[in-house]
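[1] build the 3D model from these lines:
(2 chains)
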Amino acid sequence: MSDRDHLETLIARVALRDREAFSALYRATSAKLFGICLRVLVDRARAEEALQEVYVKIWNRADRYRVTGHSPMTWLITVARNHAIDRLRAAGPATAALEDVAPMAAPGPTPEASAIAASEARRITACLDELPADRADAVRGAYLEGQSYQDLATRHAVPLNTMKTWLRRSLLTLKECLSR
Amino acid sequence: MTDRPDDQMPELEARAAEYALGLLEASERAAFEAQLRDDPVLARLVTDWQARFASMADAEVAPVTPPARLEAAIMDRLSGTPAPARAPLWDRVAFWRGVSALSGAVAAVAVGVAVLPMVERPGERPEVDKPAEGIPPGTILMTHLLPVEGSGLGLAITREPGGALQVLRVAGGPSEGRAQEVWLVLDEATPPISLGVLGEEPLTTLTPEADVAALFGVGAAIAISDEPPGGSPTGQPTGAILALGALVAL
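    So this is what the prediction gives:
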(Lines give C-alpha, C1' and ligand atoms only; values in the text may rest on other atoms or scores of the structure.)
Protein backbone atom coordinates (compact mmCIF):
# COMPACT_ATOMS: atom_id res chain seq x y z
CA MET A 1 0.00 0.00 0.00
CA SER A 2 1.42 3.40 -0.95
CA ASP A 3 1.62 6.21 1.61
CA ARG A 4 -1.21 7.92 -0.19
CA ASP A 5 -3.48 4.87 -0.08
CA HIS A 6 -2.55 4.32 3.55
CA LEU A 7 -3.48 7.89 4.50
CA GLU A 8 -6.70 7.71 2.47
CA THR A 9 -7.69 4.56 4.30
CA LEU A 10 -6.96 6.21 7.64
CA ILE A 11 -9.01 9.30 6.74
CA ALA A 12 -11.89 7.09 5.58
CA ARG A 13 -11.78 5.23 8.90
CA VAL A 14 -11.62 8.51 10.83
CA ALA A 15 -14.82 9.52 9.01
CA LEU A 16 -16.37 6.43 10.63
CA ARG A 17 -15.19 7.65 14.05
CA ASP A 18 -12.34 5.18 14.36
CA ARG A 19 -10.07 6.58 17.11
CA GLU A 20 -7.31 4.10 16.45
CA ALA A 21 -7.13 5.25 12.83
CA PHE A 22 -7.15 8.86 14.05
CA SER A 23 -4.17 8.14 16.31
CA ALA A 24 -2.32 6.50 13.44
CA LEU A 25 -3.12 9.46 11.18
CA TYR A 26 -1.89 11.85 13.89
CA ARG A 27 1.35 9.96 14.31
CA ALA A 28 1.94 9.84 10.56
CA THR A 29 1.24 13.52 9.85
CA SER A 30 1.48 15.68 13.00
CA ALA A 31 5.16 16.58 12.61
CA LYS A 32 4.52 17.98 9.14
CA LEU A 33 1.41 19.87 10.21
CA PHE A 34 3.10 21.17 13.38
CA GLY A 35 5.98 22.41 11.24
CA ILE A 36 3.48 24.36 9.16
CA CYS A 37 1.60 25.78 12.18
CA LEU A 38 4.93 26.82 13.67
CA ARG A 39 6.09 28.42 10.45
CA VAL A 40 2.88 30.43 10.15
CA LEU A 41 2.39 31.35 13.81
CA VAL A 42 6.07 31.41 14.94
CA ASP A 43 5.03 31.36 18.60
CA ARG A 44 5.26 27.81 19.93
CA ALA A 45 2.34 27.97 22.34
CA ARG A 46 0.06 29.36 19.65
CA ALA A 47 1.24 26.71 17.20
CA GLU A 48 0.49 23.97 19.74
CA GLU A 49 -2.99 25.32 20.30
CA ALA A 50 -3.57 25.63 16.55
CA LEU A 51 -2.37 22.07 15.96
CA GLN A 52 -4.93 20.73 18.43
CA GLU A 53 -7.69 22.66 16.70
CA VAL A 54 -6.48 21.44 13.32
CA TYR A 55 -6.78 17.80 14.36
CA VAL A 56 -10.22 18.35 15.87
CA LYS A 57 -11.17 19.84 12.51
CA ILE A 58 -9.72 16.84 10.70
CA TRP A 59 -11.75 14.56 12.97
CA ASN A 60 -14.92 16.51 12.23
CA ARG A 61 -14.37 16.97 8.52
CA ALA A 62 -12.88 13.62 7.50
CA ASP A 63 -16.15 12.55 5.90
CA ARG A 64 -15.84 15.46 3.51
CA TYR A 65 -12.27 14.79 2.46
CA ARG A 66 -13.22 13.04 -0.75
CA VAL A 67 -15.37 15.93 -1.89
CA THR A 68 -12.27 18.09 -2.19
CA GLY A 69 -10.59 15.87 -4.79
CA HIS A 70 -7.29 16.50 -2.99
CA SER A 71 -4.57 14.02 -2.18
CA PRO A 72 -4.47 13.26 1.56
CA MET A 73 -1.38 15.40 2.27
CA THR A 74 -2.72 18.32 0.23
CA TRP A 75 -5.95 18.20 2.18
CA LEU A 76 -4.22 17.95 5.57
CA ILE A 77 -1.73 20.72 4.77
CA THR A 78 -4.50 22.97 3.41
CA VAL A 79 -6.60 22.47 6.57
CA ALA A 80 -3.58 23.19 8.78
CA ARG A 81 -2.31 26.18 6.82
CA ASN A 82 -5.72 27.83 6.49
CA HIS A 83 -6.44 27.32 10.17
CA ALA A 84 -3.07 28.71 11.22
CA ILE A 85 -3.57 31.75 8.97
CA ASP A 86 -7.04 32.31 10.48
CA ARG A 87 -5.44 32.24 13.92
CA LEU A 88 -2.80 34.68 12.76
CA ARG A 89 -5.27 37.22 11.48
CA ALA A 90 -7.52 39.00 13.90
CA ALA A 91 -10.17 39.39 11.19
CA GLY A 92 -12.25 36.47 9.99
CA PRO A 93 -11.07 33.58 7.89
CA ALA A 94 -9.10 34.38 4.78
CA THR A 95 -10.12 31.32 2.83
CA ALA A 96 -13.13 29.16 3.55
CA ALA A 97 -12.98 25.40 3.25
CA LEU A 98 -13.68 24.99 -0.43
CA GLU A 99 -16.23 22.25 0.12
CA ASP A 100 -18.34 24.74 2.11
CA VAL A 101 -18.17 27.37 -0.56
CA ALA A 102 -18.53 25.32 -3.72
CA PRO A 103 -21.16 22.65 -3.16
CA MET A 104 -20.75 21.60 -6.78
CA ALA A 105 -17.05 20.93 -6.36
CA ALA A 106 -15.23 19.94 -9.47
CA PRO A 107 -14.83 16.24 -10.07
CA GLY A 108 -11.77 14.75 -8.42
CA PRO A 109 -8.81 14.00 -10.61
CA THR A 110 -8.61 10.70 -12.38
CA PRO A 111 -5.73 8.48 -11.21
CA GLU A 112 -3.81 9.73 -14.20
CA ALA A 113 -4.49 13.36 -13.35
CA SER A 114 -3.40 12.69 -9.75
CA ALA A 115 -0.12 11.30 -11.00
CA ILE A 116 0.36 14.42 -13.08
CA ALA A 117 -0.50 16.58 -10.09
CA ALA A 118 2.06 14.69 -8.00
CA SER A 119 4.86 15.15 -10.51
CA GLU A 120 3.86 18.80 -10.88
CA ALA A 121 4.09 19.13 -7.12
CA ARG A 122 7.65 17.86 -7.09
CA ARG A 123 8.69 20.54 -9.53
CA ILE A 124 7.29 23.45 -7.60
CA THR A 125 10.50 24.26 -5.78
CA ALA A 126 12.44 24.29 -9.05
CA CYS A 127 9.83 26.56 -10.61
CA LEU A 128 9.88 28.93 -7.63
CA ASP A 129 13.64 29.12 -8.10
CA GLU A 130 13.09 30.33 -11.65
CA LEU A 131 11.27 33.41 -10.34
CA PRO A 132 13.27 36.43 -9.17
CA ALA A 133 14.08 35.74 -5.51
CA ASP A 134 11.96 38.58 -4.12
CA ARG A 135 8.88 37.39 -6.03
CA ALA A 136 9.26 33.81 -4.91
CA ASP A 137 9.56 35.22 -1.38
CA ALA A 138 6.32 37.12 -1.88
CA VAL A 139 4.52 33.88 -2.81
CA ARG A 140 5.93 32.19 0.28
CA GLY A 141 5.09 35.23 2.40
CA ALA A 142 1.45 35.09 1.32
CA TYR A 143 1.07 31.33 1.79
CA LEU A 144 3.22 30.64 4.83
CA GLU A 145 3.12 33.95 6.67
CA GLY A 146 -0.37 35.07 5.77
CA GLN A 147 0.85 38.38 4.40
CA SER A 148 -1.66 40.61 2.69
CA TYR A 149 -0.90 42.60 -0.44
CA GLN A 150 -0.36 45.61 1.82
CA ASP A 151 2.10 43.69 4.03
CA LEU A 152 3.96 42.47 0.97
CA ALA A 153 4.10 45.94 -0.58
CA THR A 154 5.53 47.35 2.65
CA ARG A 155 8.02 44.54 3.03
CA HIS A 156 9.28 44.86 -0.52
CA ALA A 157 9.02 48.67 -0.51
CA VAL A 158 6.91 48.93 -3.66
CA PRO A 159 3.49 50.56 -4.25
CA LEU A 160 0.47 48.33 -3.58
CA ASN A 161 -0.56 48.09 -7.22
CA THR A 162 2.94 47.20 -8.29
CA MET A 163 2.88 44.41 -5.75
CA LYS A 164 -0.40 43.07 -7.08
CA THR A 165 0.88 43.10 -10.65
CA TRP A 166 4.12 41.43 -9.58
CA LEU A 167 2.51 38.67 -7.66
CA ARG A 168 -0.16 37.88 -10.22
CA ARG A 169 2.46 37.69 -12.96
CA SER A 170 4.64 35.53 -10.79
CA LEU A 171 1.78 33.14 -10.14
CA LEU A 172 0.99 32.80 -13.83
CA THR A 173 4.68 32.24 -14.58
CA LEU A 174 4.75 29.61 -11.88
CA LYS A 175 1.73 27.85 -13.35
CA GLU A 176 3.29 27.98 -16.81
CA CYS A 177 6.55 26.53 -15.53
CA LEU A 178 4.68 23.71 -13.78
CA SER A 179 2.72 22.77 -16.88
CA ARG A 180 5.79 22.67 -19.12
CA MET B 1 -12.70 25.47 -20.20
CA THR B 2 -13.68 25.53 -23.85
CA ASP B 3 -16.67 27.77 -23.17
CA ARG B 4 -14.49 30.63 -22.02
CA PRO B 5 -12.52 33.03 -24.19
CA ASP B 6 -8.82 32.37 -23.77
CA ASP B 7 -8.12 35.90 -22.62
CA GLN B 8 -10.24 35.35 -19.49
CA MET B 9 -8.15 32.44 -18.32
CA PRO B 10 -5.16 34.36 -16.91
CA GLU B 11 -7.57 36.54 -14.92
CA LEU B 12 -9.45 33.52 -13.55
CA GLU B 13 -6.23 31.66 -12.80
CA ALA B 14 -4.83 34.67 -10.96
CA ARG B 15 -8.05 35.14 -8.97
CA ALA B 16 -8.15 31.46 -8.06
CA ALA B 17 -4.55 31.64 -6.85
CA GLU B 18 -5.19 34.83 -4.89
CA TYR B 19 -8.22 33.21 -3.31
CA ALA B 20 -6.23 30.13 -2.35
CA LEU B 21 -3.58 32.38 -0.82
CA GLY B 22 -6.18 34.42 1.06
CA LEU B 23 -5.18 37.66 -0.65
CA LEU B 24 -8.64 38.85 -1.68
CA GLU B 25 -10.30 41.69 0.22
CA ALA B 26 -13.55 40.78 1.97
CA SER B 27 -15.78 42.13 -0.80
CA GLU B 28 -13.72 40.56 -3.59
CA ARG B 29 -13.71 37.32 -1.68
CA ALA B 30 -17.49 37.29 -1.29
CA ALA B 31 -17.91 37.93 -5.02
CA PHE B 32 -15.46 35.17 -5.87
CA GLU B 33 -17.21 32.69 -3.56
CA ALA B 34 -20.56 33.53 -5.17
CA GLN B 35 -18.99 32.68 -8.51
CA LEU B 36 -17.50 29.46 -7.12
CA ARG B 37 -20.91 28.21 -6.12
CA ASP B 38 -22.01 27.62 -9.69
CA ASP B 39 -18.71 26.99 -11.31
CA PRO B 40 -17.08 23.59 -10.77
CA VAL B 41 -14.31 24.48 -13.21
CA LEU B 42 -13.36 27.53 -11.18
CA ALA B 43 -13.48 25.37 -8.04
CA ARG B 44 -11.05 23.04 -9.79
CA LEU B 45 -8.67 25.94 -10.46
CA VAL B 46 -8.73 26.72 -6.73
CA THR B 47 -8.08 23.11 -5.69
CA ASP B 48 -5.22 22.94 -8.18
CA TRP B 49 -3.66 26.04 -6.63
CA GLN B 50 -4.21 24.68 -3.14
CA ALA B 51 -2.39 21.54 -4.23
CA ARG B 52 0.52 23.55 -5.65
CA PHE B 53 0.89 25.69 -2.53
CA ALA B 54 0.53 22.64 -0.28
CA SER B 55 3.33 20.91 -2.15
CA MET B 56 5.44 24.03 -1.73
CA ALA B 57 4.84 23.84 2.02
CA ASP B 58 5.46 20.10 1.98
CA ALA B 59 8.78 20.61 0.20
CA GLU B 60 9.99 23.66 2.11
CA VAL B 61 8.72 23.40 5.67
CA ALA B 62 10.65 21.00 7.88
CA PRO B 63 8.60 18.68 10.07
CA VAL B 64 8.74 19.42 13.81
CA THR B 65 7.64 16.72 16.23
CA PRO B 66 4.99 18.21 18.52
CA PRO B 67 5.25 17.61 22.28
CA ALA B 68 3.90 14.17 23.24
CA ARG B 69 1.20 15.60 25.53
CA LEU B 70 -0.64 17.14 22.56
CA GLU B 71 -1.97 13.84 21.28
CA ALA B 72 -3.68 13.08 24.59
CA ALA B 73 -5.02 16.64 24.73
CA ILE B 74 -6.54 16.25 21.27
CA MET B 75 -8.06 12.88 22.15
CA ASP B 76 -9.63 14.58 25.19
CA ARG B 77 -11.16 17.22 22.98
CA LEU B 78 -12.68 14.56 20.77
CA SER B 79 -14.44 13.13 23.79
CA GLY B 80 -16.53 16.29 23.80
CA THR B 81 -17.82 15.51 20.32
CA PRO B 82 -21.10 13.61 20.20
CA ALA B 83 -20.73 9.87 20.63
CA PRO B 84 -21.97 7.83 17.71
CA ALA B 85 -25.54 6.71 18.20
CA ARG B 86 -24.70 3.54 16.37
CA ALA B 87 -21.85 1.11 16.74
CA PRO B 88 -18.90 1.71 14.42
CA LEU B 89 -19.41 0.16 11.04
CA TRP B 90 -17.11 -2.77 11.54
CA ASP B 91 -18.55 -3.73 14.90
CA ARG B 92 -21.94 -3.98 13.29
CA VAL B 93 -20.79 -6.70 10.93
CA ALA B 94 -19.10 -8.70 13.67
CA PHE B 95 -21.38 -11.65 12.90
CA TRP B 96 -19.62 -11.96 9.59
CA ARG B 97 -16.44 -12.93 11.35
CA GLY B 98 -18.03 -16.26 12.11
CA VAL B 99 -18.80 -16.79 8.46
CA SER B 100 -16.46 -19.00 6.38
CA ALA B 101 -12.73 -18.40 6.62
CA LEU B 102 -12.80 -14.72 5.82
CA SER B 103 -12.22 -12.96 9.11
CA GLY B 104 -8.74 -12.14 7.84
CA ALA B 105 -10.16 -10.50 4.76
CA VAL B 106 -12.46 -8.39 6.89
CA ALA B 107 -9.55 -7.11 8.93
CA ALA B 108 -7.68 -6.12 5.77
CA VAL B 109 -10.53 -4.14 4.34
CA ALA B 110 -10.15 -0.63 3.09
CA VAL B 111 -13.21 1.02 4.52
CA GLY B 112 -14.68 4.44 4.11
CA VAL B 113 -17.49 6.55 2.86
CA ALA B 114 -17.67 8.94 0.00
CA VAL B 115 -19.82 11.88 0.88
CA LEU B 116 -21.37 13.98 -1.78
CA PRO B 117 -21.46 17.69 -1.26
CA MET B 118 -24.21 19.03 0.94
CA VAL B 119 -25.14 22.67 1.13
CA GLU B 120 -24.70 23.55 4.75
CA ARG B 121 -22.73 25.62 7.19
CA PRO B 122 -19.91 24.37 9.38
CA GLY B 123 -21.18 23.40 12.79
CA GLU B 124 -24.60 22.33 11.51
CA ARG B 125 -23.19 19.29 9.85
CA PRO B 126 -25.17 16.10 10.39
CA GLU B 127 -23.01 13.34 11.83
CA VAL B 128 -22.69 10.21 9.76
CA ASP B 129 -23.73 8.13 12.72
CA LYS B 130 -26.77 10.18 13.61
CA PRO B 131 -29.90 8.08 13.87
CA ALA B 132 -32.30 8.06 11.00
CA GLU B 133 -35.13 10.01 12.66
CA GLY B 134 -33.76 13.40 11.65
CA ILE B 135 -33.75 12.67 7.92
CA PRO B 136 -36.19 14.89 6.08
CA PRO B 137 -38.56 12.91 3.89
CA GLY B 138 -37.42 12.83 0.31
CA THR B 139 -33.72 12.89 1.13
CA ILE B 140 -31.66 10.88 -1.28
CA LEU B 141 -29.15 8.67 0.47
CA MET B 142 -26.10 7.26 -1.14
CA THR B 143 -22.82 5.52 -0.52
CA HIS B 144 -19.85 4.39 -2.46
CA LEU B 145 -19.18 0.91 -1.16
CA LEU B 146 -15.58 0.38 -0.23
CA PRO B 147 -14.31 -2.88 -1.61
CA VAL B 148 -12.62 -5.50 0.50
CA GLU B 149 -9.04 -5.76 -0.70
CA GLY B 150 -8.85 -8.09 -3.64
CA SER B 151 -12.56 -8.06 -4.46
CA GLY B 152 -11.96 -5.42 -7.15
CA LEU B 153 -15.52 -4.21 -6.84
CA GLY B 154 -16.61 -0.65 -7.49
CA LEU B 155 -20.19 -0.02 -6.41
CA ALA B 156 -22.31 3.02 -5.75
CA ILE B 157 -25.74 2.74 -4.18
CA THR B 158 -28.36 5.45 -4.31
CA ARG B 159 -31.57 5.19 -2.33
CA GLU B 160 -34.20 7.34 -3.95
CA PRO B 161 -36.93 9.14 -2.00
CA GLY B 162 -39.49 6.54 -3.11
CA GLY B 163 -37.42 3.77 -1.53
CA ALA B 164 -35.99 2.18 -4.67
CA LEU B 165 -32.29 1.36 -4.59
CA GLN B 166 -30.12 1.88 -7.63
CA VAL B 167 -26.99 -0.20 -7.43
CA LEU B 168 -24.38 0.75 -10.00
CA ARG B 169 -21.45 -1.56 -10.53
CA VAL B 170 -18.58 0.36 -12.08
CA ALA B 171 -15.88 -2.26 -11.62
CA GLY B 172 -15.64 -5.98 -10.94
CA GLY B 173 -18.39 -8.57 -10.97
CA PRO B 174 -19.31 -11.85 -9.34
CA SER B 175 -16.75 -14.63 -9.65
CA GLU B 176 -17.77 -17.49 -11.88
CA GLY B 177 -20.70 -19.49 -10.60
CA ARG B 178 -21.29 -17.08 -7.70
CA ALA B 179 -23.72 -14.25 -7.01
CA GLN B 180 -23.51 -10.98 -5.11
CA GLU B 181 -26.17 -10.22 -2.55
CA VAL B 182 -26.96 -6.80 -1.05
CA TRP B 183 -27.65 -6.47 2.68
CA LEU B 184 -28.87 -3.73 4.97
CA VAL B 185 -26.91 -3.78 8.23
CA LEU B 186 -28.41 -1.80 11.12
CA ASP B 187 -26.43 -2.80 14.19
CA GLU B 188 -24.59 -5.72 15.66
CA ALA B 189 -27.69 -7.06 17.39
CA THR B 190 -29.88 -7.16 14.27
CA PRO B 191 -29.31 -9.81 11.62
CA PRO B 192 -28.62 -8.29 8.21
CA ILE B 193 -31.65 -7.91 5.99
CA SER B 194 -31.36 -9.14 2.42
CA LEU B 195 -32.20 -6.52 -0.19
CA GLY B 196 -31.73 -8.78 -3.20
CA VAL B 197 -29.17 -10.19 -5.56
CA LEU B 198 -27.28 -8.08 -8.11
CA GLY B 199 -27.92 -8.83 -11.76
CA GLU B 200 -25.39 -9.24 -14.54
CA GLU B 201 -26.06 -5.74 -15.84
CA PRO B 202 -24.10 -2.80 -14.41
CA LEU B 203 -27.26 -1.23 -13.00
CA THR B 204 -29.58 -3.17 -10.70
CA THR B 205 -32.74 -1.62 -9.26
CA LEU B 206 -33.91 -3.17 -6.01
CA THR B 207 -37.27 -2.33 -4.47
CA PRO B 208 -37.39 -3.26 -0.79
CA GLU B 209 -40.73 -3.88 0.95
CA ALA B 210 -42.11 -0.80 2.73
CA ASP B 211 -41.19 -2.08 6.21
CA VAL B 212 -37.58 -2.61 5.11
CA ALA B 213 -37.45 0.66 3.16
CA ALA B 214 -38.46 2.46 6.38
CA LEU B 215 -35.24 1.28 8.04
CA PHE B 216 -32.96 3.20 5.70
CA GLY B 217 -31.30 6.23 7.19
CA VAL B 218 -28.03 8.08 7.44
CA GLY B 219 -25.44 5.81 9.03
CA ALA B 220 -27.17 2.56 8.07
CA ALA B 221 -24.66 0.27 6.41
CA ILE B 222 -24.95 -1.57 3.14
CA ALA B 223 -22.86 -4.68 2.58
CA ILE B 224 -22.33 -6.94 -0.42
CA SER B 225 -21.60 -10.61 0.16
CA ASP B 226 -20.44 -13.48 -2.00
CA GLU B 227 -23.22 -16.08 -2.29
CA PRO B 228 -24.30 -19.10 -4.32
CA PRO B 229 -26.28 -18.38 -7.52
CA GLY B 230 -29.70 -16.95 -6.66
CA GLY B 231 -28.53 -15.68 -3.29
CA SER B 232 -28.04 -17.05 0.20
CA PRO B 233 -30.10 -20.19 0.80
CA THR B 234 -30.41 -19.44 4.53
CA GLY B 235 -31.65 -15.85 4.44
CA GLN B 236 -28.45 -14.83 6.20
CA PRO B 237 -25.07 -14.13 4.63
CA THR B 238 -23.11 -17.32 4.03
CA GLY B 239 -20.08 -15.85 2.24
CA ALA B 240 -17.53 -13.10 2.76
CA ILE B 241 -18.17 -9.39 2.73
CA LEU B 242 -16.99 -8.01 -0.59
CA ALA B 243 -17.79 -4.36 0.00
CA LEU B 244 -19.21 -2.18 2.76
CA GLY B 245 -20.27 1.41 3.18
CA ALA B 246 -22.44 3.72 5.26
CA LEU B 247 -25.30 5.74 3.80
CA VAL B 248 -24.99 9.49 3.76
CA ALA B 249 -27.47 12.17 2.78
CA LEU B 250 -27.05 13.65 -0.67
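
[2] confidence score at the residue of chain A with the smallest separation from chain B?
    Taking CB to the nearest CB as the measure, chain A has A:A12 as its residue closest to chain B, at 2.2 Å. C-beta here means a position set from N, CA and C on the backbone, and glycine is covered the same way. With respect to pLDDT, A:A12 has a value of 86.

[3] state the phi and psi torsions of B:P191.
    Main-chain dihedrals, B:P191, degrees, to the nearest 10: phi -60, psi 150.

[4] what helix or strand does the closest residue in space to it that isn't next to it in sequence sit in?
    Excluding the flanking residues, the one nearest B:P191 by CB to CB, 6 or more residues apart in numbering or on different chains is B:Q236, at 5.9 Å. B:Q236 is part of no helix or strand, with elements assigned from DSSP states H and E.

[5] confirm that B:D187 sits in a strand.
    No - checked against DSSP: H, G, I helix; E, B strand; the rest coil, B:D187 lies outside a strand; its state is coil.

[6] residues contacting B:P229?
    With contact set as CB atoms under 8 Å, 6 or more residues apart in numbering or on different chains, B:P229 has these partners: B:G177, B:R178, B:A179.

[7] most surrounded residue in these?
    B:A179 (19 neighbours; other CB atoms under 10 Å in any protein chain shown).

[8] verify the stated contact: it with B:G230.
    Yes - under the criterion of CB atoms under 8 Å, B:A179 makes contact with B:G230 at 6.4 Å.

[9] check what pLDDT the residue located most distally from the centre of chain A gets.
    Relative to the centre of chain A, the most outlying C-alpha is that of A:P159, 27.8 Å out, by CA atoms, centre = their mean. Looking at A:P159, its pLDDT is 96.

[10] please name the nearest non-neighbouring residue to B:G235.
    Once flanking residues are discounted, B:G235 sits nearest to B:S194: 6.6 Å by CB to CB, 6+ apart.

[11] how is chain A divided into domains?
    Split into domains by automatic domain parsing, chain A comes to A:1-108, A:123-180.

[12] briefly note if the shortest one comes near chain B.
    Yes - on the criterion CB under 8 Å from any CB of the partner chain, domain A:123-180 is in touch with chain B at A:124-125, A:128, A:139-140, A:142-144, A:146, A:148-149, A:167-168, A:171-172, A:174-175, A:178.

[13] ok, residues contacting stretch A:123-141?
    For stretch A:123-141, with CB under 8 Å, 6+ apart as the criterion, the contacting residues are A:147, A:151-152, A:155-156, A:163, A:166-167, A:170-171, A:173-174, A:177-178, B:21, B:52, B:55-56, B:59-60.

[14] likewise for stretch B:59-73?
    Contacts for stretch B:59-73 (CB under 8 Å, 6+ apart): A:23, A:26-27, A:30-32, A:34-36, A:38-39, A:48, A:51-52, A:121-122, A:124-125, A:140, A:144.

[15] among those, which ones are in strands?
    Assigned to strands by DSSP state E, none of these qualify.

[16] just the buried ones out of the residues you listed, please.
    The neighbour-count test (16 or more other CB atoms under 10 Å in any protein chain shown) applied to these identifies A:26, A:30, A:32, A:34-36, A:38-39, A:48, A:51-52, A:121, A:124, A:140, A:144 as buried.

[17] all good on my end, thank you.
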